[in-house]
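K.L.:
build me a model:
(one chain, ligands or ions: 1)
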Amino acid sequence: MSKMAQAFKIPESFPFTSMDLSTLLVFIVTFVLAVRFFKVKGHVQGNLPPLVPGGWPLVHHMPAFFTKNLPLQLHKWAKEFGDVYRVKWFMNKEVHVVSGYTAIKEMLEKDEFCTRRDRYVEIAVGGDQDILMAPYGEVFKKRRRFATSVFRRLGVKMGQGSIEYQIQEEARFICVKISGYSEQPFDVSSDLTTAAGNIICALVFGKRFDYGDTRFQHLQTTMKKLGEEMARWQIPFITFIPYVQDPAAGLRFYSKKLQLFIREEIDRHRLNLDPENPRDFIDYCLLQLAQQDGNEIWMNDDNVVYILQDLFVAGTDTTAATLTWALLYMILYPDVQQKVQAELDSVLGATKPNLAHRDQLPFTAATIMESQRIRHIAGLMFIRDTAESTRLRGFDIRKGKKLVPNLRSVHMDPEVWPNPDEFDPSRFLDAEGKVVKNPPSFLPFSAGRRNCLGEQLAKMELFLLFSTILQHFTLKVPEGAPTPSTEGINKSLSMGPVPFQLCAVSR
Ligand code: HEM
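P.N.:
Next up is the predicted model:
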């Protein structure tokens, strides 16, 4: 018998005389596990949101997520389990789903939920090096404040010095492109992506590209591929699946390509930077880099690349997908299209639309808003992380828990929007026919401290591109073609319509 076993030898007078060393070890292990179990139970205690019952062993609710319309499935559960509930994914991983305007607004406005997490998008945007995925804190605030002020200085505003001219130019170019289809069927979404991409180029690089420019085409292809890679990881829960191969290889590859393009432009800008006359977003970044004092570095050379990449990633497909939905609804609701055109004709005649016309074109503005309500491009907004344990709608939410706000439940709430599946722009007009200011239960650009940085720019683009296209063309379903579906599909970070074709007849 070993010395250790001798030391543990149970005296014969001990009641369990048969207890030997291994029994004792089993006893200790069981005791430790029991203590741990009760400790965890104790920790979990509190008013947790309800857990959706049922599910399969190991994979829990996972099979239910493989549906064509996940926001709809989550919305159905919300009706049963309330505005904050829990679902489980592979290996017991939990996600909190937040639904309805009140709960989502409360969530978006709490600092504790202002950190966004998405493992795969983080790979593309350099982890926390940018704005989009930077954790909520001082560095993030400084970068965001900087970007907002540069936007303003570059003309993302009403009045003098507005970027409106560049957007109007882009609207003119897209109309020329559409004319070129000679009323034959075409897919408008790719032209809208080109237009939206070019507006970001104007802002960031200080120039637009001709549609045929090979560098621009290369940029467009890279963006498209990057978007497709991001779309593969759009189902929030999928990021919990352990992988056998590197699923982010494509993301890495295409984001590096986009970054290379941006770095080349930055190098070009360095050669002829005039500190007295910054021309574009890159120039302002270079001036900021030169100014920063060593103690307070919140932006370095790499951050500049990642922030510029954000503007392309977050600012191209989002705008293009929203406009594609709006034009799709015009061919599905020709009476609404006619009403928009009648308003444009009576207010503008042959004058090209500018931002000052927005107030005089309430039905046109309301039609854009209704498109954003009925088909939101970010049905499930970015996943948020709980930075500190806190409460939401009276429930305890522990640090580290993931939250998914379901925007469908806000925009399709029949209590606020009767017959939510009906496309009806008049919902956004008041009794005097003016656009309702701050409509309830409407969050196309989100809210709180992480709301859309490009909201103003996007609103300018949506209005000018939509009104210019409808001023010049009547859009139709091609002769003999089936009616396009209103199903959404994630082709990038945004949800756009299933590809469809339309014909544009000159007016
Ligand atoms: C119709 C077009 C657009 C829509 C519907 C849209 C919508 C959104 C939404 C829903 C978010 C997420 C908010 C959240 O997590 O709560 C967001 C974030 C963001 N958007 Fe947009 N967006 C659009 C256009 C743009 C444009 C044109 C830009 C820039 C050029 C832009 C830049 C950003 C950035 C940088 C963020 C992250 C902000 C942060 O984390 O602080 N977006 N957008």
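K.L.:
which residues of the stretch 101-250 of the chain lie near the ligand?
P.N.:
Within the stretch 101-250 of the chain, the positions adjacent to the ligand are 108, 116, 131-132, 144, 200 by Cβ under 6 Å from any ligand atom. Placement of C-beta: from N, CA and C, glycine included.
K.L.:
over to the stretch 351-500 of the chain?
P.N.:
Checking the stretch 351-500 of the chain against the ligand by Cβ under 6 Å from any ligand atom, the hits are 377-378, 381-382, 444-446, 450-454, 457-458, 462.
K.L.:
switch the cut-off to 5 Å
P.N.:
378, 381-382, 444-446, 450, 452-454, 457-458 (Cβ under 5 Å from any ligand atom).
K.L.:
could you work out the end-to-end span of stretch 384-397 for me?
P.N.:
12 Å (Cα to Cα, to the nearest Å).
K.L.:
and of the residues of the stretch 101-250 of the chain next to the ligand, the nearest to Val477?
P.N.:
Closest to Val477 out of these is Ile200 (30.7 Å), distances taken as Cβ to Cβ.
K.L.:
so who does the closest one touch?
P.N.:
Contacts for Ile200 (Cβ atoms under 8 Å, 6 or more residues apart in numbering) come out as 311-312, 315-316.
K.L.:
and the ligand, which of these contact it?
P.N.:
311, 315.
K.L.:
show me which of the contacts of Ile200 is closest to the ligand.
P.N.:
Gly315 (2.7 Å; Cβ to the nearest ligand atom).
K.L.:
OK, contacts around the residue in the stretch 51-200 of the chain positioned nearest to the ligand?
P.N.:
Nearest residue of the stretch 51-200 of the chain to the ligand: Leu132, at 4.6 Å (Cβ to the nearest ligand atom). Contacts for Leu132 (Cβ under 8 Å, 6+ apart) come out as 116, 121, 125, 310, 313-314.
K.L.:
Serialize these to TSV and add fields for distance to Arg172.
P.N.:
Listed next are those as TSV, based on distance: Cβ to Cβ, whole Å:
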residue	distance to Arg172
Arg116	36
Val121	34
Val125	33
Asp310	28
Val313	26
Ala314	25
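K.L.:
name the member of the residues you listed with the shortest distance to Gly212.
P.N.:
Checking the contacts of Leu132 against Gly212 by Cβ to Cβ gives Val313 as the nearest, at 24.0 Å.
K.L.:
who's in contact with that closest one?
P.N.:
124-125, 132, 223, 226-227, 230, 493.
K.L.:
wasn't it part of a helix?
P.N.:
Yes: remark: Val313 belongs to a helix, assigned using DSSP: H, G, I helix; E, B strand; the rest coil.
K.L.:
distance check, it against Asn198.
P.N.:
16 Å (Cβ to Cβ, to the nearest Å).
K.L.:
could you give the number of residues near Asn354?
P.N.:
Asn354: 16 surrounding residues under other Cβ atoms under 10 Å.
K.L.:
backbone dihedrals for it, please?
P.N.:
phi -130, psi 170 (degrees, to the nearest 10).
K.L.:
need the nearest residue in space to it, chain neighbours excluded.
P.N.:
Leaving aside its sequence neighbours, Asn354 sits nearest to Glu164 (Cβ to Cβ, 6 or more residues apart in numbering; 6.0 Å).
K.L.:
rewinding a little: which of the residues of the stretch 101-250 of the chain next to the ligand fall in helices?
P.N.:
Judged by DSSP state H, these include 108, 144, 200 as members of helices.
K.L.:
ok, the residues you listed vs Pro405, which is closest?
P.N.:
Of those, the one sitting nearest to Pro405 (Cβ to Cβ) turns out to be Leu108, at 7.1 Å.
K.L.:
can you pull the contacts of that closest one?
P.N.:
405, 443, 446-448, 450-451.
K.L.:
quick one: contacts for the residue of the chain found nearest the ligand?
P.N.:
Per Cβ to the nearest ligand atom, Gly454 is where the chain lies closest to the ligand, at 2.1 Å. Shown in contact with Gly454 (Cβ under 8 Å, 6+ apart): 151, 311, 314-315, 318.
K.L.:
of those residues, buried ones?
P.N.:
Buried subset of these (neighbour count, 16 or more other Cβ atoms under 10 Å): 151, 311, 314-315, 318.
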